[in-house]
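Asks: Generate coordinates for the sequence data below:
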Amino acid sequence: MERRGFTIELALLATLGACVPARPRIDGAPAAPPAPSALWPVPQAAKQPPPPAAVPVAPEATQALRGDTTDFEGHRLEVDDVVDLALRTNPTTRASWLNARAAADAYGSSRGALLPSLDASVSAGRTSAAPGSIASLGTVPGSEVGTRNAATGTRSQLTTSATLSYLLFDLGGRSGSIEEAKQRAIAADLTHNATVHDVILQVESALFSYLATRSLREAQEVSVQEAVADTAAAAERMHVGVATLAEVLQARTQLAQGRLQLATLQGQEITTKGNLATAMGLPANARFDVGDVQVSDTVAHVTASVDSLINAAVATRPDVAEVRAEAASLAAAVRVARSAGYPALTLSTTTSSIQSTQVGVSPRNAQLFLGVQIPIFNGFSRQYDTRAAREQYDAGLARLASTRQQVTGQVFAAYSALTTANDRVRAARDLLVAAQQSADVALGRYREGVGTIVDLLLARSALATARAEDIQARWEWRTALAQLAHDTGLFTTTGRTQLPLSNASSNER
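Replies: Next up, the predicted model:
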């Protein structure tokens, strides 16, 4: 009956050791993002941390890692679909998400120091000896046994033991290690957020480049159709004797140039679509199509000043918060290094149970130890470790200052680029209106016989250039807006900007 009780105790201990706990929470928030396409909800306490003192993959993770894209193959995708697909299939977001989950598990592991540690051991032995001799099983945890068994010369023994140990006090080492792991988990989560923002910007830039090239190709097709009509008109005029062969050849030359430019744009469209597929995490030859995305004639203006946007970027950009969390983890590492030179108080207890065929062996033993670990000298290693940790923390503060400075420059440059893009859109619209009017007048004069083919072809060329400038200006404005939203950290997971705009309707997708 006693042996059965020991077996049950051992099974309970093994079951306890095999349990996989849930990941801990950080200041009320999940310790890691729920999916590779989701941002980590930054808790309020992690946004501005106080200055420091002078397992098997879950089923939902497996589903997210597959990145199945067959449902989108051959379908027309909207802009939101493109961004969502990129976040779910791009390997960069999956890698940063898994790193965040690993850091969350490391944080949970560090919190294990707050609880006692329990270990169990089992040893069994069987000894045979000549009758009348002394047989010894040697030393086992909690006992040392020797006996004479004149009858059989054999002896069996089963020893089970459990050891419970706990660190009572160590002057900051344990709490520093937990805080260091916590800040590293926060930094990994913020790294994932920054990665999501980078992927959104990357895929939107690739998308706008593809849509701009597609629009340029469509505009060039219109120019080719106009050149065909102009060539036919010149041939008709020559047929009735009011135009020369030179005029027909000039029109044909313009048509050939237009078709050459069209072929170039068709090739560029294929290339930019492959770049978009790659940015989405798909093979470059993936089959999909993007729906028509219209750009409004008017563009929105950012109502916030560049100073307020810089302040918002420093406060909200995840890469700034990431460097800040890394500095906090280095500050905790200083506490850990210092505590290595301080005493620590430990408590441990061991219980053992022995089942033996020998008569007179004590079945149970218990021991209790209260100890003080006092570091005295280790070749100045602790002093060097403390100094190195402090210098690494100072380097972390320097990186934080450098990151803030870089963010300031990025926001200022993006704001200037968007302002310039606004001006280019207005100028390109005026150019297109003027070029269209000029081409209409030149065509009318040529049909009436008072204009020359040279005037018409020059007007057509200017119109084609104006169309291209108008298209490029508008898609460059969309790209500049996305860049500013990225640099200020005002992005959503759908790719929409949270910048304050004067005319939000012009930016609707």
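Asks: For the stretch 251-400 of the chain, which segments count as strands?
Replies: Counting by DSSP state E, counting those that start in this stretch, the stretch 251-400 of the chain has these strands, from start to end: 289-290, 344-356, 364-373.
Asks: most neighbours per residue, which of those?
Replies: Of all the strands of the stretch 251-400 of the chain, strand 344-356 has the most neighbours on average by mean count of other C-beta atoms under 10 Å, namely a mean of 17. Bear in mind the C-beta positions are built from the backbone N, C-alpha and C, glycine included.
Asks: Could you spell out the sheet neighbours of that one, each with its direction?
Replies: Strand 344-356 sits in its sheet next to strand 154-169 (antiparallel), strand 364-373 (antiparallel), going by DSSP bridges.
Asks: Would you mind giving these as TSV with mean pLDDT added?
Replies: TSV is the format used below for those (pLDDT from 0 to 100):
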stretch	mean pLDDT
strand 154-169	87
strand 364-373	87
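Asks: could the ones you listed go into a markdown table alongside distance to Ala389?
Replies: Below are these laid out as a markdown table (distance: least, C-beta to C-beta, whole Å):
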| stretch | distance to Ala389 |
| --- | --- |
| strand 154-169 | 21 |
| strand 364-373 | 20 |
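Asks: nearest to Ala331, of those strands?
Replies: If you check each of the strands paired with strand 344-356 against Ala331 by C-beta to C-beta, strand 154-169 wins as the nearest, at 21.3 Å.
Asks: Identify whichever of the strands paired with strand 344-356 lies nearest to Leu456.
Replies: strand 154-169 (90.3 Å).
Asks: Packing partners of the next helix or strand after the closest one?
Replies: Going down the chain from strand 154-169, the next helix or strand is helix 173-239, by DSSP states H and E. Packed against helix 173-239, as judged by 3 or more C-beta pairs under 8 Å, 6 or more residues apart in numbering; DSSP states H and E, are the following elements: strand 25-26, helix 79-89, helix 91-110, helix 245-279, strand 289-290, helix 318-339, helix 381-448, helix 453-488.
Asks: do you know which of these lies nearest Ser37?
Replies: Nearest to Ser37 among those is helix 79-89; the distance by C-beta to C-beta comes to 3.7 Å.
Asks: Show me which residues of the closest one are buried.
Replies: By 16 or more other C-beta atoms under 10 Å, the buried positions in helix 79-89 come out as Val79, Asp81, Val82, Val83, Asp84, Leu85, Ala86, Leu87, Arg88, Thr89.
Asks: for the residues you listed, which one is nearest Thr465?
Replies: Set against Thr465, the nearest of those by C-beta to C-beta is Val79 (28.0 Å).
Asks: Of all the residues in stretch 168-175, which ones are buried?
Replies: Asp170, Leu171, Gly172, Gly173, Arg174, Ser175.
Asks: same check, this time on stretch 90-104
Replies: Neighbour-count burial for stretch 90-104 flags Asn90, Thr92, Thr93, Arg94, Ser96, Trp97, Leu98, Asn99, Ala100, Arg101, Ala103, Ala104 (criterion: 16+ other C-beta under 10 Å).
Asks: my guess is the fourth one meets Pro36, correct?
Replies: In other words, Arg94. Yes - using C-beta atoms under 8 Å, Arg94 is in contact with Pro36, at 4.6 Å.
Asks: quick one on the thing from earlier: which one of the strands of the stretch 251-400 of the chain lies nearest to Glu204?
Replies: Nearest to Glu204, of all the strands of the stretch 251-400 of the chain, is strand 289-290, at 11.9 Å by C-beta to C-beta.
Asks: Direction included, what does that closest one pair up with?
Replies: Strand 289-290 pairs in its sheet with strand 76-77 (parallel), by DSSP bridges.
Asks: now the strand it pairs with: mean pLDDT?
Replies: The average pLDDT within strand 76-77 is 82.
Asks: Mind listing residues that contact it?
Replies: Leu85, Phe288, Asp289, Val290, Gly291 (C-beta atoms under 8 Å, 6 or more residues apart in numbering).
Asks: Who are the contact partners of the fourth one?
Replies: It stands for Val290. Val290 neighbours (C-beta under 8 Å, 6+ apart): Arg76, Leu77, Glu78, Val79, Val82, Leu207, Tyr210, Leu211, Leu276.
Asks: rerun at 7 Å
Replies: If you count contacts by C-beta atoms under 7 Å, 6 or more residues apart in numbering, Val290 has them with Arg76, Leu77, Val82, Leu211.
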